[in-house]
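**Student:** Turn this into a structure:
(one chain, ligands or ions: 1)
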Amino acid sequence: MSHLRVGVAGVGHLGRVHTKLWKEVDGAQLIGVFDENRAVASAVANEHKTEDFPTFEALLDKVDALSIVTPTQSHFAIAQAAIARGKHVLIEKPITTTTEQAKALVEQASEQNVKIQVGHIERFNPALLAVEPYLKDPRFFESHRMAQFKPRGTDVAVVLDLMIHDIDVILSLVKSPVKSIDASGVAIVSTELDIANARIKFENGAVANVTASRISQNPMRKLRIFENDAYLSLDFGAKSVEVFRLVDEGAAVGAHHAGLTMKLGEIEKGDVPRAIIYEKPDVQDINPLKYELELFRDAIANDTRPIVSGEDGLRALEVAEQILLAIESNIS
Ligand code: NAD
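**Tutor:** This next block holds a predicted model:
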C-alpha cells in the first residue's frame, strides 16, 4: 500500500502535536506544514524535520490529506479549498462556526468523494472505549468539563469550544433525536460565554445535563452515565472508569474486561435477589490523538465512514447552536 501523504495547516498549540504524531503513524508520510505565521511554521518544521511550505496551495499540491488545526473561524475556508482540490480533511473541532458552513462542507465532500473526519478527540479516549461494552440503554448523563482560563479558544463560546466534546459523545451514545433543550450561561472574562449548562431531553426519554466552563480553578473532564441497573463513572482526564451495576445472583461478572471486580452487597429488586457489583475495568494505554489519526488513515484506505464523520460534526454543531439559542432566549 502506498503511503498516505499528509500535511498540517495551522501549527500552533494543537497543530504541532498533529505534526509530531503524523510522523509516528504507520502508512502515513508527513509532507510538511503551513501556518500563516511563517516563524511558527518554520520552528515546528525544524523541530519535526519536515518542510515548511510558503503557501497553503503549495502544501495542498503535495498531499492526499490534511489536518486543519487553525482557529475555528478559518476551518470553513481552508476545508472548502482543500476539498475542492480532492483532498481528505481531518478538521479540528468544532467543524465550523455555523451549521450552514458545515452542511456545505459535508455536501462538497460527498460530491468530491473525499472523507471528512472531525477532531472530537474524546471519542478516541480509551476511557470511553472501556465503558462502551457496558452501555445498554443510557437514561441520564451528567457531564462536567471544567478548564482553567486560557485566551486560546475564546474566539468562540465555551459551548463550541469545550461543551461540544460532551455533546458529540452523548449524541453518539443516545440513538434518539433531541426533543428539547433548556440552557443558561454567562460571559465572565471574555466577550463570549465562559460557562454554560444545558439540559438536553431526547425523544426516547433520556436526559443529559451538560456543564462546561473555561474559568475553573481545577480542571475536570468527567461523564457519569446512569442506566436502569448501572451507574458508570468515566474520567476522560485520568483515563479511568468505574462501574456499579446490579446483576442476577450467580451471573457471570467481569465478562467485559480484565480489571478489578468486587461484590459490594445484595439487594432485592423485583422478586429476584440481585448482587451489587463494583468493577474497575482496565483501560488501554493509547494516545487518543494518535489513534484518531490512525483511524482517519484507515477510513481513507478502506473507503469507510470515519468514526467521527462530517455529519457527526454537523449534528454536534446543530445541538450546540440550539443550546446557544436557548441561552440567548433565557438571557433576553
Ligand atoms: P492556536 O491559536 O494555538 O494555533 C492556531 C494556529 O493557526 C496559529 O499558529 C495561527 O498562526 C494559525 N493560523 C491562523 N489562521 C490560519 C490560516 N488561515 N491558515 C494557516 N494558519 C493559520 O490554536 P489551537 O489551540 O491549536 O487550536 C486550533 C484548533 O484546534 C481550533 O479549532 C481548536 O478548537 C482546536 N482544538 C481542539 C482540541 C481538542 O481537544 N480536539 C484542543 C485544542 C484545540
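**Student:** Might you enumerate the residues of the stretch 51-200 of the chain proximal to the ligand?
**Tutor:** Listed as neighbours of the ligand in the stretch 51-200 of the chain under the rule Cβ under 6 Å from any ligand atom: 69-72, 74, 78, 92-93, 119, 121, 152-153, 161. C-beta: built from backbone N, CA, C; applies to glycine.
**Student:** mind running it again at 8 Å?
**Tutor:** When proximity is defined by Cβ under 8 Å from any ligand atom, the stretch 51-200 of the chain lies next to the ligand at 56, 68-72, 74-75, 77-78, 92-94, 119-122, 152-153, 156, 160-161, 165.
**Student:** In strands, which of these fall?
**Tutor:** When DSSP state E defines the strands, the subset of these inside them is 68, 92, 119.
**Student:** Just name the closest of those to the ligand, please.
**Tutor:** Within those, proximity to the ligand (Cβ to the nearest ligand atom) peaks at residue 92, which comes in at 3.5 Å.
**Student:** partners of the closest one in the sheet?
**Tutor:** residue 119 (DSSP bridges).
**Student:** any idea how far it lies from residue 74?
**Tutor:** Using Cβ to Cβ, to the nearest Å, one obtains 11 Å as the distance from residue 92 to residue 74.
**Student:** the more surrounded of those two?
**Tutor:** residue 92 (21 against 16; other Cβ atoms under 10 Å).
**Student:** quick one: contacts for that one?
**Tutor:** By Cβ atoms under 8 Å, 6 or more residues apart in numbering, the contact list for residue 92 reads 14, 67, 68, 69, 70, 72, 75, 118, 119.
**Student:** Leaving out the residues flanking it, which one is nearest to the fourth one?
**Tutor:** The reference is to residue 69. residue 15 (3.5 Å; Cβ to Cβ, 6 or more residues apart in numbering).
**Student:** My guess is the one you found contacts residue 43. True?
**Tutor:** No. With contacts defined as Cβ atoms under 8 Å, residue 15 does not count as touching residue 43, sitting 11.8 Å away.
**Student:** what about the residue lying closest to residue 327 once chain neighbours are set aside, how many residues close to it?
**Tutor:** Taking Cβ to Cβ, 6+ apart, and ignoring the residues beside it in sequence, residue 327 has residue 185 as its nearest neighbour in space, at 4.4 Å. For residue 185, the neighbour count with other Cβ under 10 Å is 26.
**Student:** what's residue 38 in contact with, if anything?
**Tutor:** Applying Cβ under 8 Å, 6+ apart, one finds that residue 38 lies in contact with 52, 54.
**Student:** Any figure for the gap between it and residue 147?
**Tutor:** Residue 38 sits 30 Å away from residue 147, taking Cβ to Cβ as the criterion.
**Student:** again with residue 89
**Tutor:** Noted for residue 89: a distance of 26 Å to residue 147, by Cβ to Cβ.
**Student:** Adding pLDDT and distance to residue 312, write the ones in strands among the residues of the stretch 51-200 of the chain next to the ligand out as a markdown table.
**Tutor:** Conversion of these to a markdown table gives the following (pLDDT from 0 to 100; distance: Cβ to Cβ, whole Å):
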| residue | pLDDT | distance to residue 312 |
| --- | --- | --- |
| 68 | 98 | 16 |
| 92 | 98 | 14 |
| 119 | 98 | 11 |
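**Student:** ok, and for the strand or helix carrying residue 326, which residues are buried?
**Tutor:** Residue 326 belongs to helix 310-331 when elements are defined using DSSP states H and E. Residues of helix 310-331 classed as buried by neighbour count (16 or more other Cβ atoms under 10 Å): 310-324, 326-327.
**Student:** re earlier: burial check on the residue nearest to residue 69, number of neighbours?
**Tutor:** Based on other Cβ under 10 Å, the number of other residues close to residue 15 is 23.
**Student:** Next: residue 113.
**Tutor:** Residue neighbour count, defined by other Cβ under 10 Å, stands at 9 for residue 113.
**Student:** List the contacts of residue 227.
**Tutor:** Counting by Cβ under 8 Å, 6+ apart, residue 227 touches 135, 136, 137, 138, 139, 245.
**Student:** do that again at 7 Å, thanks
**Tutor:** 136, 137, 138, 139 (Cβ atoms under 7 Å, 6 or more residues apart in numbering).
**Student:** Residues contacting stretch 297-308, please?
**Tutor:** The set of residues that contact stretch 297-308 without belonging to it, under Cβ under 7 Å, 6+ apart, is 1, 4, 25, 27-28, 65, 88, 115, 117-118, 120, 123, 168, 295-296.
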